[in-house]
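Q: here you go, sequence then predicted model.
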Amino acid sequence: MVIGAKKLARLIDDLSNADSEKRHMAAEALAESDERAIYPLIRALKDENPGVQDAAMRSLVRIGGETVAYMVIPLLRDEPLLRNTAIIILKEIGSPAVRLLRPLLKDKDYDIRKFAIDLICEIRECDYSDELVRLLAEDPNPNVRASAAKAIALLRYEEGLPQLKNALKDEEWVCFSALESLSMLRDGSSVADIEALLGSPSESIRYAAIDTLGKIGSPASGEALLEYLRKADDFEKPAIVKSLIQIGVNPSSREVSDILVDMLSNGDWDERIIALKGLASAKEESSVPSIVDLASSLDPSEPDDEERLMIIKETLKHIGCSDTLIGVLNDPSIRYKGRKIAVEVLGELGCRKAVPQILILLEKDFRDVRRAAAKALGDMPDENTGAILLDAIDDEDGHVRKEAVAALGRIGDKASFGPILSLLKAEPYRDVADEAVRALLSIDAEEFLRHLNEFQDHVKGAASKYANDADTLLHLSRDENPQVRIAALGGLRRIREERACKRINEALHDEKPEVRKAAIMAMSEMGCSYDDIKSSLEDQDMWVRVYAVKSLSHSLKVDAMNSLKPMLNDKDLPVVLSAIEAIAQFGNEDAFGILNPLLEHEDEEVREKVQQVIFGTRSREDTGVETWK
């Protein structure tokens, strides 16, 4: 809302108040004013108090528009603080300021010309880009020409390409800007002009040209770099290799591999990622120890390191199941974390020739290595692995036991059934016990079922969670522990058999309400006869009735609505609210006819719920959007 004339006058007067706090408050308040406050705020930019200066600047930005830009532009000629403030204001104003910058491109002061171009670069908008091309070609000041080169690229003004190529012959500073602009435009036609710079006496120019060719990334730039690689000096070769890999060209030679390994060891992480890409592409087996050593220095709990570790592992997998990678497993110069990563990669590769060496690691001192070894062996079962893994299920470390048990379960060797069963009886850790249950079910579910009564309820619960055969789940669904029955009923949802539906239907009459609720959920998901659910609408437990209502609503059968209608008079509010929502899902006039009388219901929450579902349903119908699924 625009400030009134009296208040505006008072705020402008307050800009001259001796109290800096009042000046600050006035400068802030004038942000809601109009053009009448612009000049006083510009004067306030020169206030002795930095807080007042800042408030005035922000208010001018808030007012914005061409008038503010026009009145601020003269500050570009003022002392540095005001000039920088003007630049910030003009940048924030954006588009309206661009038209006013055009005359500045012909200013006698080269600083003003450069400020104008830099602002265009910041705003990234200009409808007179040809003027920038003229400055690049004709301006006597190299700083102006360099800024013009940058602006042409940021504005994606491809008509300026000929002048950018000519600028490669300009003095060094302009040449750098032209190279940067050509790399942004990625124009393949400029490769020959850039390649000519590789013969420059300036080392910096040659290095910039190499980098630009890599960023352009065309086949021609790859050929130019390969040709120059033969005669480049030692300082330039890593940059050339880096650019070639970015393009997708993988030069193969021992010298190049050595450069990549050096980048891996001594470069920053951007360079290391490039080196990994090159080594993977070349399948450079000799680099494996260096790659593994780098991996061992990472902390997977750090997000950046986690991502880098994934890249390293993918590189090792791309190089493949090599003797060098296998040799890392027993290399004392490699840290145990590196050996663990090597084991994981070999397991994921299914590198069976590594099995003998991995088996040895199961008896080593390092827990994480033993854990990784157990998992890897399970990923590539071998006739020799079973006995060693059986020894590992007695490991003092629970994590190792868990991986060994999981591996034996994947192998499926019946000789391991007895030892795993014994482990399960004594295992203190639930996660290891759960893994043992999964393994036993995988090896021989029928035999495990015969032993199930020997175990405590948590084992039965795990069996209900992981079992996939009807006999086991049907047996558990009759267990004396209601939590086991609930878990088994949930498992029966995975078994699409008539006897599963029959058992779930029986559970609707279980003595425990939580079991009856689980049965309703299972019946609804399996699509069992919804007529059986209707009897639960009269259940003595409120929450069983709520779930029965929800389940019937999912069927969307016409006669279901008639069954749900009496629930609107239920003695418990949650049932009534669920019934309202369920009936509304039918989304037809009959449903609205049933619900409309409840708009006069004595309970406010019921009235609000009816208003919500009717309004929501009808508004969606009006827009043609499907309302209920």
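A: Ah, there it is. All figures in this text were calculated on a predicted structure; none of them were measured in a lab.
Q: hey, let's count contacts and neighbours off CA atoms from now on
A: Will do.
Q: quick one: contacts for L408?
A: G378, G386, L389, L390, S416, A439 (Cα atoms under 8 Å, 6 or more residues apart in numbering).
Q: beyond the helix or strand harbouring R99, next helix or strand please.
A: Counting by DSSP states H and E, the element that carries R99 is helix 95-101. Later in the chain than helix 95-101, the nearest helix or strand by DSSP H and E is helix 110-123.
Q: name the helices or strands packed onto that next one?
A: helix 80-93, helix 95-101, helix 142-154 (3 or more Cα pairs under 8 Å, 6 or more residues apart in numbering; DSSP states H and E).
Q: now do the last one against helix 110-123, angle only.
A: Put simply, helix 142-154 runs at 20 degrees to helix 110-123, going by axes from the mean of the first three to the mean of the last three Cα atoms, to 10 degrees.
Q: winner for burial among the helices and strands packed on helix 110-123?
A: For the helices and strands packed on helix 110-123, the largest average neighbour count (mean count of other Cα atoms under 10 Å) is found in helix 142-154, namely a mean of 25.
Q: give the rounded mean pLDDT of that one.
A: Taken as a whole, helix 142-154 has an average pLDDT of 96.
Q: how about the helix or strand that comes right after it: buried residues?
A: Stepping forward along the backbone from helix 142-154, the first helix or strand reached (DSSP H and E) is helix 161-166. Buried positions in helix 161-166, judged by neighbour count with 16 or more other Cα atoms under 10 Å: L161, Q163, L164, K165.
Q: for those residues, which one is nearest L197?
A: K165 (11.2 Å; Cα to Cα).
Q: quick revisit: Serialize the buried residues of helix 161-166 to TSV and add fields for pLDDT.
A: TSV is the format used below for those (pLDDT from 0 to 100):
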residue	pLDDT
L161	95
Q163	96
L164	96
K165	95
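Q: redo those as CSV? Include distance to K502.
A: Output for these, formatted as CSV (distance: Cα to Cα, whole Å):
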residue, distance to K502
L161, 78
Q163, 83
L164, 80
K165, 81
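Q: hmm, back to that, helices or strands up against the helix holding R99?
A: helix 65-72, helix 110-123.
Q: re earlier: closest one of the contacts of L408 to I112?
A: Of those, the one sitting nearest to I112 (Cα to Cα) turns out to be G378, at 71.4 Å.
Q: do you know how far that closest one is from A445?
A: 19 Å (Cα to Cα, to the nearest Å).
Q: can you give me how far the helix ranked longest in the chain is from the chain middle?
A: In terms of residue count, the longest helix belonging to the chain (DSSP state H) is helix 430-451. Helix 430-451 sits 37 Å away from the centroid of its parent chain (Cα atoms, centre = their mean, to the nearest Å).
Q: quick check: next helix or strand after it?
A: Immediately after helix 430-451, counting by DSSP H and E, sits helix 457-466.
Q: got the CA positions of that following helix in CSV?
A: Extracted C-alpha coordinates of helix 457-466, given in CSV (Å, rounded to 0.1, in the frame of the first residue of the first chain):
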residue,chain,number,x,y,z
ASP,A,457,7.8,-65.9,20.0
HIS,A,458,10.2,-63.5,18.3
VAL,A,459,11.5,-66.4,16.1
LYS,A,460,7.9,-67.3,15.2
GLY,A,461,7.3,-63.7,14.4
ALA,A,462,10.3,-63.6,12.1
ALA,A,463,9.1,-66.8,10.4
SER,A,464,5.8,-65.2,9.8
LYS,A,465,7.5,-62.2,8.3
TYR,A,466,9.8,-64.1,5.9
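Q: report the buried residues of that helix.
A: D457, V459, K460, G461, A462, A463, S464, K465, Y466.
Q: stretch 64-84 now?
A: Buried residues in stretch 64-84 (16+ other Cα under 10 Å): G64, G65, E66, V68, A69, V72, I73, L75, L76, L82, R83.
Q: between the residues you listed, which sits nearest P566?
A: Using Cα to Cα, those come closest to P566 at G64, 63.5 Å.
Q: wait, doesn't that closest one sit right on K91?
A: No - between G64 and K91 no contact is recorded; they are 10.6 Å apart, counting by Cα atoms under 8 Å.
Q: before we move on, the earlier item: so which of the buried residues of stretch 64-84 is the closest to L135?
A: L76 (19.6 Å).
Q: contact partners of the helix holding R99?
A: G65, E66, A69, Y70, L90, K91, A116, I120, I123, E125, C126.
Q: hang on, the earlier thing: settle it for me: which of G378 and A445 has more neighbours?
A: G378 (24 against 19; other Cα atoms under 10 Å).
Q: what about the more buried one, helix or strand, and which?
A: Counting by DSSP H and E, G378 is found in helix 367-379.
Q: remind me what that helix packs against, helices and strands.
A: Helices and strands touching helix 367-379, by 3+ Cα pairs under 8 Å, 6+ apart, are helix 336-349, helix 355-361, helix 385-392, helix 398-411.
Q: work out the gap between it and the centre of the chain.
A: 29 Å.
Q: quick one, it and helix 336-349 angle?
A: 10 degrees.
Q: only alpha carbons, please: show helix 367-379 as CSV.
A: Extracted C-alpha coordinates of helix 367-379, given in CSV (Å, rounded to 0.1, in the frame of the first residue of the first chain):
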residue,chain,number,x,y,z
ARG,A,367,35.9,-57.8,11.5
ASP,A,368,34.8,-55.7,8.5
VAL,A,369,36.9,-57.8,6.2
ARG,A,370,35.5,-61.1,7.5
ARG,A,371,32.0,-59.6,7.1
ALA,A,372,32.6,-58.6,3.5
ALA,A,373,34.2,-62.0,2.8
ALA,A,374,31.2,-63.9,4.1
LYS,A,375,28.8,-61.8,2.0
ALA,A,376,31.0,-62.2,-1.1
LEU,A,377,31.1,-65.9,-0.8
GLY,A,378,27.3,-66.1,-0.5
ASP,A,379,27.1,-64.1,-3.8
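Q: mean confidence for the helix or strand encompassing R43?
A: In this assignment (DSSP H and E), R43 forms part of helix 38-44. Taken as a whole, helix 38-44 has an average pLDDT of 94.
Q: neighbouring contacts of it?
A: Residues contacting helix 38-44 (Cα under 8 Å, 6+ apart): I12, L15, A27, V52, Q53, A56, M57, S59, L60, V68, M71, V72.
Q: of the residues you listed, which is the nearest to R370?
A: M57 (64.2 Å).
Q: for Y530, give me the pLDDT.
A: For Y530, the model assigns a pLDDT of 68.
Q: follow-up on the earlier one: kindly export the helix holding R99 (C-alpha atoms) in CSV.
A: Output of helix 95-101 as CSV, limited to C-alpha atoms (Å, rounded to 0.1, in the frame of the first residue of the first chain):
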residue,chain,number,x,y,z
SER,A,95,15.4,-5.8,-16.9
PRO,A,96,14.2,-2.2,-16.5
ALA,A,97,17.8,-1.1,-16.1
VAL,A,98,19.2,-2.7,-19.2
ARG,A,99,17.8,-0.2,-21.7
LEU,A,100,19.4,2.6,-19.7
LEU,A,101,22.8,1.0,-19.9
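Q: roughly how far is that helix from the heart of the chain?
A: 38 Å.
Q: which element is V544 on?
A: Secondary structure (DSSP H and E) places V544 in helix 542-555.
Q: past that helix, which element shows up next along the chain?
A: Helix 542-555 is succeeded, C-terminally, by helix 558-564 (DSSP H and E).
Q: elements contacting that next one?
A: helix 542-555, helix 573-584.
Q: mean pLDDT and mean neighbour count for the ones you listed - can I get that in TSV?
A: Shown next, in TSV, are the helices and strands packed on helix 558-564 (pLDDT from 0 to 100; neighbours: other Cα atoms under 10 Å):
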stretch	mean pLDDT	mean neighbour count
helix 542-555	87	23
helix 573-584	91	22
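Q: so K231, which of the three states?
A: Under DSSP: H, G, I helix; E, B strand; the rest coil, K231 falls in the coil class.
Q: follow-up on the earlier one: out of the helices and strands packed on helix 558-564, which gets nearest to D109?
A: Nearest of the helices and strands packed on helix 558-564 (Cα to Cα): helix 573-584, 73.4 Å.
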